[in-house]
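Enquirer: kindly return the folded structure for what I paste below:
(2 chains)
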Amino acid sequence: MGEPKPNLYSESFHIEGGNFNSAGIVSTSIKSILKKLGIPGDIVRKAAIVSYEAEINVVSYAKKAVVNLTVGPGVVRIEVIDEGQGIPNIDLAMQEGYSTADQRIREMGFGAGMGLCNIKNYSDDFHIESEVGKGTHLKMTIQTP
Amino acid sequence: MNVEAIVAAVGLEVKCGRESLGREVTGGYTGDLLSDVMGHSKEGYLWITRQVHQNIVAVASLKEHAGIILINGCEPAAETLEKAEAEKIPVMVSVLPAFELSGRIYNLLTSPG
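Expert: Model prediction:
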């Protein structure tokens, strides 16, 4: 069925768990890359929300993570692979308002149990896999015109 | 209505980002839960909150807010102002509580003419 279409852009980023001071740096980079590639504003904003929430989850719950951004024809893909405690019950974690965040995280206004819901709502396609004691793997796809 | 007109009308103290006060305000959102603001606010909104730490700047920048207003005379953290200045996001302080401030700004944005 012909050659696979090449990616327009791909880049990997690293997130350090526990460091709230640098939270948002990766999503800000992703946003500016997508803007420079000429991706429409509403798609860029969706990608920014999705990557920010994933970044905050890594900072809150994991040791570290790799974020892979891939921009192909008609699609932006963001993949977040973390090493951390993992999620024992994904169905529960996906429920709006459910959170295991500690008091310190909640005082900053994080840990409201809305992060994964935002990721799902602002992605066109969302996959989550997790293994307790190992980590969590998120795959988000946002379609572009 | 731009940010500067709202600053004058409700008596806000501008802490940083003066160069962006000409930005048009399209609406507002009041909240202290960052994911709630991420999920529900829109581009050009004024964000009313009592969170003062630096992470609010990333949210406002990613969502392209017109500015952040801290309530109850809350002082922004030094790192918040540094980051907001770099991102050209106005951070302002009101002595009013969230309910009253939101109401006043809502009336300004929705009154005819």
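
Enquirer: from now on I want contacts and neighbour counts done on CA atoms only, so please keep to that.
Expert: Fine.

Enquirer: and the top helix by length along chain B, C-alpha only, in CSV?
Expert: In chain B, taking DSSP state H as the definition, the longest helix is helix B:98-110. Extracted as CSV, the C-alpha positions of helix B:98-110 are listed here (Å, rounded to 0.1, in the frame of the first residue of the first chain):
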residue,chain,number,x,y,z
ALA,B,98,-12.7,35.8,44.8
PHE,B,99,-16.6,36.0,44.8
GLU,B,100,-16.7,39.8,44.8
LEU,B,101,-13.8,40.3,42.4
SER,B,102,-15.3,37.7,39.9
GLY,B,103,-18.7,39.4,40.1
ARG,B,104,-17.3,42.9,39.4
ILE,B,105,-15.2,41.7,36.4
TYR,B,106,-18.1,39.6,35.1
ASN,B,107,-20.3,42.7,35.2
LEU,B,108,-17.6,44.7,33.3
LEU,B,109,-17.2,42.1,30.6
THR,B,110,-20.9,41.6,30.1
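
Enquirer: next one: that helix to chain centre, how far?
Expert: 12 Å (Cα atoms, centre = their mean, to the nearest Å).

Enquirer: got the buried residues for that helix?
Expert: By neighbour count on 16 or more other Cα atoms under 10 Å in any protein chain shown, the buried set for helix B:98-110 is B:Ala98, B:Leu101, B:Ser102, B:Ile105, B:Leu108, B:Leu109.

Enquirer: pick out the residue nearest the middle of chain B.
Expert: The centre of chain B sits closest to B:Ile68, judged by Cα atoms, centre = their mean, with a distance of 2.1 Å.

Enquirer: tell me the SS of it?
Expert: Using DSSP: H, G, I helix; E, B strand; the rest coil, the structure places B:Ile68 in strand.

Enquirer: let me see the contact set for it.
Expert: B:Leu46, B:Trp47, B:Ile48, B:Thr49, B:Ala60, B:Ile89, B:Pro90, B:Val91, B:Met92 (Cα atoms under 8 Å, 6 or more residues apart in numbering or on different chains).

Enquirer: ditto for A:Val75
Expert: A:Thr141, A:Ile142, A:Gln143, A:Thr144.

Enquirer: do you know how far the residue of chain B found nearest chain A is from B:Leu46?
Expert: Here chain B gets closest to chain A at one residue, B:Leu33, 4.4 Å apart by Cα to the nearest Cα. The gap separating B:Leu33 from B:Leu46 is 15 Å, by Cα to Cα, to the nearest Å.
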